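Chemist: prediction below, plus the sequence it came from.
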Amino acid sequence: MATMWLAMGWMILAPLAVQSPQQPESLQIRKTEQAPQIDGWLQEEMWQQAARIASLTQVEPEAGSQAQVNTEVLLAYDSRFLYLGFRCAEIPGRPLVRRQMRRDGSMVGDDRVEWILDTFLDHTHAYHFQLSAAGARADALLSLDGLIRNARWDGFWQAQVQSSDDGWTAEVAIPLASLSFQPDQDWGFNVERFRALERTLDRWATPSQAFSLTKVVAAGRLTGLEGLEQGLGLEFKPYWKGSVARDSISRENDWKGEFGGDLTWRMTPTLTGALTLNTDFAETEVDELQINLSRFPLFFPEKRDFFLEDSQLFHFGPVILSRRANPDYLPFHSRTLGLYQGQEVPLQGGLRLAGREGPLEMGFLAVQTEQASFSTATGTTTVPDGDLWVLRPAFTLSRGMRLGALLTAGDPTSDSAAQTAGVDFRLQGKGLVDGTHGLNLYWMRSYDGQMGTRDVAYGLQTALQTREWVLQYAINAVGPEFRPALGFVRRRGFHKHRLVGRWEPRPEAGSSWIRKWLFQLDPTVYTDLSNDLESYRVPFRFFGLENQVGDRATLAVVAEGDRPEQAFAPVPNSLISAGDHDWIQMELALSSAASRPFSAQANVQGGRWYDRGDLFHWMLEGEWRPNPNWRLAVAYQQSRAHLPGGDFTTRLERVRLDWLFSPDLSWQNVLQSDNISRTLGYQSRLRWILEDGREIFLVLESGWLDDGRRLAPTHSELSAKITYAFRF
């Protein structure tokens, strides 16, 4: 009952916290008749006439203060492009921090500029762009006011960077054909600059520590945009792939040649349709190995580009509160399309419709799969061909408030009928305090024709974020027969309550080497549908700090409990008994700043575990980036358990070596293994971006199995793929 009152209180208070719109920062952008040469020098005369943001305001370390060095932002446009220029002044003699230059690589430790474009001015969705002093580019799609960031989206745009003794400059050209927007309407816009050595952050609109750049609701406004053209809105992107696979048993080579492609049509300035034929995913990055010691399945994220395009439009249900957390369930997870237990199911084709018309936002995805057979531990499994689709409409009621629905149909593992349907309500906005709030309500029902069962899942999530506080509360319920055929379910038949309280106070500016203190309480409780306890986890971070450079140290005590009804094996040859289990562990986490040439992080956790046993887990990761062209990363984690049902030790190793010839030419290598699956996997991936949409991939994948005597090869495949987009 107390939980119900708490949930009702959040539901009432969150809408009341909506703040009347304030006058945002505004900039009138000017149309140019002269297109600049994108070389990074800013020498064209048109830049003298461009709209100008003369300086940014400091956010970190002291919000509202004058920036330590000046940043000038220039904006202009013509009928086909949006142009941005940056003059980033620097203290003479201060070296630029340039750790990597790979397209879509992490820039967390680099000097960089970032900006967002809210092209519908809905204060919820935006395009997010990043450009580093090394010339690295990254982009993403934002939704739910930045809560969901689709970093796998790749837009078509150009950028060049030049550096000197007193700073660096950059020029950017973004084709309007790469963006969806309402014609002749103002855009939301915000921009910031990060200097990695001092960790200073300067921003244009809303320079408050309570907001990040990706909080679209806090953006300023671009005015004066008119006469924008997107061309015919047609894009044809064919591909050719050649591959040779080595069978480890027959020792024969299987040569293949394939072709296919994608056809995209921007039917209106805001609505896009895409058709894919003979879809191939040879260039997809390999999944990272994981070791599972729990009694529930692991979650693997989507990595295939076709399904990641516009994927934020299809999100429904619980928003993951932590980037490292596994979701308990998702009514739609695109990895169910074209994959079966990690193995590829051929796709004959697919259709995607995404965009909006007025207040209506819509995502539609349909694929046709071929029949496929796979060898499993119990024999051969055949997956039938089928038609699978998902529809996700949403209607904007007012600023930051929308009502939506979800409908999926088809079962990728059988010919039986299966559907999932649901409705949701979302609210995002600024609060009366300096911060943001959010509310997410959802209900869904599944039908499994193969099992002949129906059941429901529902939940509520609320959040309030200020400069020093983050408060989140979530309650979920999942029925015992809830089986979304196109989704993911980690566990069934439960109620879940989670409360997150994070407090990060800051010393007075200039008075300490500490940037902020880090405290957090994060209890999670699972009960069955009769409200009897199933499991719980209560981490309490009672000490933590982050210094001015970016090094962090935290210490936490973690109380956990589990009530398995049946004994289970965390690993082979070890058994945990049924019954009531409670234990306490300590956790120490250390990490160094990513701006250094060598950075590392370590995590050590140990204490009691199931059956009055004990568990000691440690993880160490190190990354060496001597210059923007090289990256060596090594990760090792080990868990050592002592149990009455059998002791065990797990190990997982991963090595990454990247050679970056330029921002558009990269060679990535990853080697990983673990002692539970007893496998060793290697992927080598060469990517050459001739220009956005026109790329060459060369991918080698190999695997080995430790049979107790030697490493026996299991598979090997070499693939070459060329994609070449034509835009009209």
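Modeler: Yes, it's here. The structure displayed is predicted, hence computed values, not measured ones.
Chemist: break this protein down into its structural domains.
Modeler: The chain breaks down by automatic domain parsing into domains covering 2-223, 233-268+664-728.
Chemist: and among these, the most buried is which?
Modeler: Of all the domains of the chain, domain 2-223 carries the top mean neighbour count, a mean of 19, counting by mean count of other CB atoms under 10 Å. In short, each C-beta sits where N, CA and C put it, glycine included.
Chemist: same question for it, mean pLDDT?
Modeler: Mean pLDDT, taken over the full extent of domain 2-223, equals 89.
Chemist: and what of stretch 521-535?
Modeler: On average, stretch 521-535 scores 97.
Chemist: what lies in contact with it?
Modeler: By CB atoms under 8 Å, 6 or more residues apart in numbering, the residues outside stretch 521-535 that reach it are 477, 479-480, 491, 493-502, 536-541, 560-563.
Chemist: which strand or helix spans residue 515?
Modeler: Using DSSP states H and E, the element containing residue 515 is strand 514-517.
Chemist: what sits up against that strand?
Modeler: So strand 514-517 is contacted by 60-61, 199, 503-507, 544-548, 550 (CB under 8 Å, 6+ apart).
Chemist: between all of those, which two are separated the most?
Modeler: The two members of the contacts of strand 514-517 with the most space between them (CB to CB) are 199 and 503, at 20.5 Å.
Chemist: now the contacts of strand 514-517 as JSON lines including secondary structure and distance to residue 380?
Modeler: Shown next, in JSON lines, are these (DSSP: H, G, I helix; E, B strand; the rest coil; distance: CB to CB, whole Å):
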{"residue": "60", "secondary structure": "strand", "distance to residue 380": "58"}
{"residue": "61", "secondary structure": "coil", "distance to residue 380": "61"}
{"residue": "199", "secondary structure": "coil", "distance to residue 380": "56"}
{"residue": "503", "secondary structure": "strand", "distance to residue 380": "55"}
{"residue": "504", "secondary structure": "coil", "distance to residue 380": "54"}
{"residue": "505", "secondary structure": "coil", "distance to residue 380": "60"}
{"residue": "506", "secondary structure": "coil", "distance to residue 380": "61"}
{"residue": "507", "secondary structure": "coil", "distance to residue 380": "64"}
{"residue": "544", "secondary structure": "strand", "distance to residue 380": "52"}
{"residue": "545", "secondary structure": "strand", "distance to residue 380": "56"}
{"residue": "546", "secondary structure": "strand", "distance to residue 380": "53"}
{"residue": "547", "secondary structure": "strand", "distance to residue 380": "57"}
{"residue": "548", "secondary structure": "coil", "distance to residue 380": "60"}
{"residue": "550", "secondary structure": "coil", "distance to residue 380": "52"}
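Chemist: just the buried ones from those residues?
Modeler: 60, 61, 199, 504, 506, 544, 545, 546, 548, 550 (16 or more other CB atoms under 10 Å).
Chemist: quick check, pLDDT for the last one.
Modeler: According to the per-residue confidence, residue 550 scores 94 in pLDDT.
Chemist: the fourth one too?
Modeler: pLDDT, the model's per-residue confidence, is 96 for residue 504.
Chemist: bridged to the closest residue to it other than its chain neighbours, which residues?
Modeler: Excluding the flanking residues, the one nearest residue 504 by CB to CB, 6 or more residues apart in numbering is residue 516, at 4.8 Å. Beta-bridge partners of residue 516, counted by DSSP bridges, are residue 546.
Chemist: so how far is stretch 230-240 from its chain's centroid?
Modeler: Mean C-alpha position of stretch 230-240 versus that of the full chain (CA atoms, centre = their mean, to the nearest Å) differs by 26 Å.
Chemist: contact partners for the spatially closest residue to residue 593 that is not a sequence neighbour?
Modeler: Leaving aside its sequence neighbours, residue 593 sits nearest to residue 550 (CB to CB, 6+ apart; 3.3 Å). Under the criterion of CB under 8 Å, 6+ apart, the neighbours of residue 550 are 199, 515, 592, 593, 594, 595.
Chemist: all strands of the stretch 501-650 of the chain, in order?
Modeler: 514-517, 519-521, 524-527, 533-547, 552-562, 581-591, 598-609, 613-624, 630-642, 648-662 (DSSP state E, counting those that start in this stretch).
Chemist: when you compare where the fourth one runs with where strand 581-591 runs, what's the angle?
Modeler: What separates the directions of strand 533-547 and strand 581-591 is an angle of 20 degrees, with axes from the mean of the first three to the mean of the last three CA atoms, to 10 degrees.
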